[in-house]
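Enquirer: Just the structure for this:
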Amino acid sequence: MKKVLFILVAAFVGLVMVLVFNTENERQIRIDQATTPEQLAAALLDGGKSQVTFDNGVLVVGHTLDAVLSASTAVSGFNVNVARMVPVIFARFPQVNSIIFRESGPFHDIRGNESTEEMLRIAFMREDSDRIHWDRISYDNIPKLGENYWMHPGLRRALSSN
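Expert: Numbering: from 1, shown residues only. Below you'll find the predicted structure:
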């Protein structure tokens, strides 16, 4: 019985690994084949829905999450997305002068109502990004590195109550 259970668990873990590898491989193909800043930004973001526009040197990336586990995971995920996206887009597309990244997600009020609202926002100018050693920064410093960082007051309250 233990052997059968072990084989089933091993098969399940193997299947999950194959699915994750295939998903990551497909994502990497989308990143490599992106020919516009909009395509690259959308390919770099995990999960959720993205709306990306590019006009007059400004790339505006809106990302909406389907679910958020906690305030701290929302902020951590945002910081990782910024660090993953900003330097790569500036490196591949010289016509991009600035990037504005907005992330939205579900909020629940005290009455149990749910709404999707903007949670976090930050902007980066190319000149500022070029002075950052992206591979050596602490993601917690992302808000200090960009411009016009904003956090939803409800998210800020949730972070401070932890």
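
Enquirer: which residues does the most centrally placed residue in the chain contact?
Expert: Centroid-nearest residue in the chain, with CA atoms, centre = their mean: residue 81, separated by 3.0 Å. Residue 81 makes contact with 44-46, 63, 101, 103 under the criterion CB atoms under 8 Å, 6 or more residues apart in numbering. (C-beta placed from N, C-alpha, C; glycine too.)

Enquirer: For the protein, which segments count as helices?
Expert: Applying DSSP state H to the chain gives helices spanning 2-33, 37-44, 71-92, 126-130, 142-145, 153-160.

Enquirer: Now mean pLDDT too, for these, in CSV please.
Expert: As requested, the helices of the chain are arranged in CSV below (pLDDT from 0 to 100):
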stretch, mean pLDDT
helix 2-33, 61
helix 37-44, 93
helix 71-92, 94
helix 126-130, 94
helix 142-145, 95
helix 153-160, 88
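
Enquirer: Quick check: which of those helices is nearest to residue 55?
Expert: helix 37-44 (10.5 Å; CB to CB).

Enquirer: Show me what that closest one is packed against.
Expert: On a contact count with 3 or more CB pairs under 8 Å, 6 or more residues apart in numbering; DSSP states H and E, helix 37-44 meets helix 2-33, strand 49-55, strand 58-64, helix 71-92.

Enquirer: That helix versus helix 71-92: what angle between them?
Expert: 140 degrees (axes from the mean of the first three to the mean of the last three CA atoms, to 10 degrees).

Enquirer: Sort out which residues of helix 37-44 are buried, please.
Expert: Of all the residues in helix 37-44, those buried under the rule 16 or more other CB atoms under 10 Å are 37-38, 40-44.

Enquirer: What's the separation between residue 126 and residue 25?
Expert: Distance of residue 126 to residue 25, given as CB to CB, to the nearest Å: 30 Å.

Enquirer: Thanks a lot, catch you later.
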